[in-house]
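Undergrad: Next input, structure requested:
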Amino acid sequence: MGALVTLDLPADSPIRELPWIITIGPLGDEDEWDPVVCGPYERPHALALAQAVVADEDLMAVVEPLLPLADVEAVRAEVDRARAAAPHDLDGAADDGDDWDDDGSEPDPHRVPPIVPPSEEEIRAGFARIAATLTRGG
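TA: Below is the predicted model:
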């Protein structure tokens, strides 16, 4: 039997109306494979699909809202809210998250170099293209 993880929301939460995604991965450490991310779905559909997939298998499904944030500042604000809500590290160790070393070594092929973020108009146009792709089925 698998596990389903999601937010516990009040019935009137506006978050329920957002698009939702499902991330499915191994339940334990024995299996090692890349998780599968699917969606977007309406919340009830995401929960039902995730529950059906993990019901008889050792899988974990995380069902979470997809935040359609349309600019860099909105994304930064959401990251700041998440950081503020996270438990603080009690041992005092800090991770500044700065993994961009300029030590002359070979670049890591898994790192993405910094790029100019898209404008809000470009992002909203992308939302429209995604919606069109979803409604035509591919």
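Undergrad: Now for residue 125, how many residues are close by?
TA: 12 (other Cβ atoms under 10 Å). C-beta here means a position set from N, CA and C on the backbone, and glycine is covered the same way.
Undergrad: That one should be in a strand, yeah?
TA: No: the assignment for residue 125, made by DSSP: H, G, I helix; E, B strand; the rest coil, is helix rather than a strand.
Undergrad: Now do the contacts for it.
TA: Shown in contact with residue 125 (Cβ atoms under 8 Å, 6 or more residues apart in numbering): no residues.
Undergrad: ok now stretch 129-138, how far from the chain's centre?
TA: The chain centre lies 20 Å from the centre of stretch 129-138; the measure is Cα atoms, centre = their mean, to the nearest Å.
Undergrad: what's in contact with it?
TA: So stretch 129-138 is in contact with residue 40, going by Cβ under 8 Å, 6+ apart.
Undergrad: in that stretch, what's buried?
TA: Residues of stretch 129-138 include none that count as buried (16 or more other Cβ atoms under 10 Å).
Undergrad: With only the CA atoms kept, save that stretch in CSV.
TA: The C-alpha coordinates for stretch 129-138 follow below in CSV (Å, rounded to 0.1, in the frame of the first residue of the first chain):
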residue,chain,number,x,y,z
ARG,A,129,-0.3,27.9,-25.1
ILE,A,130,-0.3,25.3,-22.3
ALA,A,131,-4.1,25.6,-22.0
ALA,A,132,-4.4,25.2,-25.7
THR,A,133,-2.2,22.1,-25.6
LEU,A,134,-4.2,20.6,-22.8
THR,A,135,-7.5,21.2,-24.4
ARG,A,136,-6.6,19.7,-27.7
GLY,A,137,-5.1,16.6,-26.0
GLY,A,138,-1.4,16.8,-26.9
